[in-house]
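1. structure for this input, please:
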Amino acid sequence: MTEGAAVHGPRRFTAREAIALVSTGFTDLTDLADPTAPALALTPPGSYGPDGPLSWQGYDASRTRAADRTGEEESVVCGTAAVRGEDGGTTPAVLISFEFGFLGGSLGERTGDRLEAAHTYAREHRLPVVSLVATGGSRMQEGMRALVQLQRVARQSALTRAAGLPQIAVLRDPTTGGGWATLGAGADVILALPGAQVGFAGSRVRPPDADPAAYTAEAQWAAGAVDAVVPERVLPEALALWLRLLSDPSTDPVPPPPALGDAGLPPTGWEAVRAARAPQRPRAEAYLDTFFARRAAISGDRCGGTDAGMLCGFGVRARDGRTVAYAAQTGTATRPAGYRTAARLIRLADRLRIPVLTLVDTPGAANDAEAERQGAGAAIAELFSAVAAAETPMTTLLIGEGGSGGALALAAPDNTWATPDSYFSVIAPELAAAILKRPAEEVRATADQLRIRPQDLLELGVVRGIVEQGR
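-> Next up, the predicted model:
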């Protein structure tokens, strides 16, 4: 890792500029730590000779120059601060901010000391962790002693996760190597500044013919690895909202939203299908806009995929200000990435003890060849498992089509409700008729036989109730 690089592209903040951008009242962890407490004592690594564990010639001089140039003693600055939102409210947090001017923001052994101390302090004081990442990776002048810090960082992140505390990463320019693969990609919610270089491979080690556009924040968002690309001017507000949303646990389930349409109960099964498929019927966006005063979305399955037909995130319930997580289908066939994103959302909400609302509306799971190659069955199984294992209360409202297992995977067992303009079926009536080798004119009768109307679902014990308009 070199001592620094020429600045190209988006603005590169110093560690303390990044802290000042999003917070007030920063106190360095060295001023908070009890020097008698081993867990928080920021001490240098083991007794090495000159130039570190590898005796890398000139390493001590490089560190001295970096310190003189940046005013920092290491490549990260850690402490506590208040993150202030647009409404004036504040949320205290532990902040970890990388100083790219210090040896390219590289991770060395002393960096690991500071990161461990930050996570330990966060757990002891029940504070969320915000990482403002800008790093080129592990510090080559310390060799494997530097690389193993990634295991140390991963361990601290896992302990903080197990403690039920949220972790948010803000990706600055650049975020590459082990810093991206631990503090960055390992966070619960990942925000990135526009144009930031983001990728495991840094610019000097990737293939010479690699498309540089693939190593950007925007590309990582498109690939489902970043939740949002946030301009600098709105980053403080976005970060404050996320901290507010993820730091508000509750053990009470939320009631289902009232029906937005004016449809009455359908007289036949086929009328139920027609009402659910009607283009003018209220969709997920309308329900979410009515239910929440503010909301923030997560995006992507963290393994290369996104699905615009599955809306996931957290919001402030308009009626009482509670945080509620949501996963909502929008009426399209759900892709494997959509199921994996919903599973990620439910597991995160469960860990943070935040109640979940799901909105079911899909003709079924996508069944094209590409969906099969993307692991449709495994993705649906993952969501079934996440719902089954969740201990946080879940509420489901069927707002349109409930197409087979692709819809049921998102439904809360024993707490699913239906709107009058919805239906739930083991299979679409047309497909049922085809399987039974019935002529097209018998599709309507087949819909009745399947008993898919909301009132049928209530009688069969599939739903708890049918919500009314304005309830």
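2. Leu127 should be in a helix, yeah?
-> No - according to DSSP: H, G, I helix; E, B strand; the rest coil, Leu127 belongs to no helix; its state is coil.
3. just the pLDDT for it.
-> At Leu127 the predicted local confidence, pLDDT, stands at 98.
4. over to Asp34?
-> Note on Asp34: pLDDT of 57.
5. Leu246 too?
-> Confidence per residue is given as pLDDT, and for Leu246 that number is 97.
6. what sits against the spatially closest residue to it that is not a sequence neighbour?
-> Taking CB to CB, 6 or more residues apart in numbering as the measure, Leu246 lies nearest to Pro166, with 3.8 Å between them; neighbours along the chain are not counted. C-beta coordinates here come from the backbone N, C-alpha and C atoms, glycine included. Applying CB atoms under 8 Å, 6 or more residues apart in numbering, one finds that Pro166 lies in contact with Pro128, Val129, Asp188, Val189, Trp242, Leu243, Leu246, Ser247, Leu352.
7. try Gly89
-> For Gly89, the set of contacting residues under the criterion of CB under 8 Å, 6+ apart consists of Ala240, Arg244.
8. list phi and psi for it.
-> In terms of degrees, to the nearest 10, the main-chain angles of Gly89 are phi -70, psi 150.
9. tell me the spacing between it and Glu142.
-> Relative to Glu142, Gly89 is positioned 42 Å away (CB to CB, to the nearest Å).
10. now do the helices in the stretch 251-400 of the chain.
-> Listed in chain order, the helices of the stretch 251-400 of the chain (DSSP state H, counting those that start in this stretch) span residues 269-277, 284-291, 336-352, 369-373, 376-389.
11. which other residues reach the last one?
-> The contact list for helix 376-389, computed with CB under 8 Å, 6+ apart, reads 301, 336-340, 342-343, 346-347, 350, 365-367, 394, 405-406, 409-413.
12. ok, the second one next?
-> Helix 284-291 has contacts (CB under 8 Å, 6+ apart) with 257, 260, 295, 311, 315, 317-318, 324, 326, 328-331, 357, 359, 361, 397, 399.
13. let's see that with 7 Å instead.
-> 257, 260, 295, 311, 317-318, 326, 328-330, 359, 361, 399 (CB atoms under 7 Å, 6 or more residues apart in numbering).
14. buried subset of those residues, written for PyMOL?
-> Selection of the buried residues among those in PyMOL, burial being defined by 16 or more other CB atoms under 10 Å:
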select buried, resi 257+260+295+311+317+326+328+329+330+359+361+399
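15. looking at the contacts of helix 284-291, which is nearest Thr216?
-> For the contacts of helix 284-291, the residue nearest Thr216 by CB to CB is Leu311; the value is 24.3 Å.
16. partner residues bridging the closest one?
-> Each beta-bridge partner of Leu311 is listed here, defined by DSSP bridges: Ala328.
17. mind listing what it touches?
-> Here Leu311 is in contact with Ala284, Leu288, Ala297, Ala328, Thr330 (CB under 7 Å, 6+ apart).
18. export those to a markdown table and tack on pLDDT?
-> Conversion of the contacts of Leu311 to a markdown table gives the following (pLDDT from 0 to 100):
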| residue | pLDDT |
| --- | --- |
| Ala284 | 97 |
| Leu288 | 98 |
| Ala297 | 98 |
| Ala328 | 98 |
| Thr330 | 97 |
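19. re earlier: and the helices of the stretch 251-400 of the chain: which comes nearest Ala20?
-> Among the helices of the stretch 251-400 of the chain, if distance is taken as CB to CB, the winner is helix 336-352, at 27.7 Å.
20. now the closest one - C-alpha only, CSV.
-> Backbone C-alpha positions of helix 336-352 (Å, rounded to 0.1, in the frame of the first residue of the first chain) are rendered in CSV as follows:
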residue,chain,number,x,y,z
PRO,A,336,-35.2,-14.7,-6.8
ALA,A,337,-33.4,-11.5,-5.8
GLY,A,338,-36.7,-10.2,-4.4
TYR,A,339,-37.2,-13.2,-2.1
ARG,A,340,-33.6,-12.9,-0.9
THR,A,341,-33.9,-9.2,-0.2
ALA,A,342,-37.1,-9.8,1.8
ALA,A,343,-35.4,-12.5,3.8
ARG,A,344,-32.5,-10.1,4.5
LEU,A,345,-35.0,-7.5,5.6
ILE,A,346,-36.9,-9.9,7.9
ARG,A,347,-33.7,-11.3,9.5
LEU,A,348,-32.4,-7.7,10.2
ALA,A,349,-35.8,-6.6,11.7
ASP,A,350,-35.8,-9.8,13.8
ARG,A,351,-32.3,-9.1,15.2
LEU,A,352,-33.1,-5.5,16.0
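21. just give me the neighbour total for Trp417.
-> Taking other CB atoms under 10 Å as the neighbour definition, Trp417 ends up with a count of 26.
22. now do Lys437
-> 7.
23. same question for the one 5 residues further on.
-> The tally of other residues near Glu442 (other CB under 10 Å) stands at 15.
24. list the contacts for the residue lying closest to Ala390 once chain neighbours are set aside?
-> Distances taken as CB to CB, 6+ apart place Asp350 nearest to Ala390, at 4.5 Å, with adjacent residues excluded. Asp350 makes contact with Ala390, Glu391, Thr392, according to CB under 7 Å, 6+ apart.
25. got a PyMOL select line for the buried ones in those?
-> Only the buried entries of the contacts of Asp350 go into this PyMOL selection, using 16+ other CB under 10 Å:
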select buried, resi 390+392
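26. ok, the contacts of Asp350 vs Thr24, which is closest?
-> Among the contacts of Asp350, Thr392 lies closest to Thr24 (CB to CB), at 32.1 Å.
27. so the closest one is in contact with Arg351, correct?
-> No - under the criterion of CB atoms under 7 Å, Thr392 is not in contact with Arg351, lying 8.5 Å apart.
28. which of the contacts of Asp350 sits closest to Val234?
-> Closest approach to Val234 among the contacts of Asp350 (CB to CB): Thr392, at 29.3 Å.
29. how near is the closest one to Val254?
-> When distances are taken as CB to CB, Thr392 and Val254 turn out to be 11 Å apart.
30. re the thing from before, let's have the contacts of Asp350 in TSV, adding distance to Phe384.
-> Output for those, formatted as TSV (distance: CB to CB, whole Å):
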residue	distance to Phe384
Ala390	11
Glu391	16
Thr392	16
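31. quick check, nearest of the contacts of helix 284-291 to Val467?
-> Using CB to CB, Pro257 is the member of the contacts of helix 284-291 that sits closest to Val467, with 7.1 Å.
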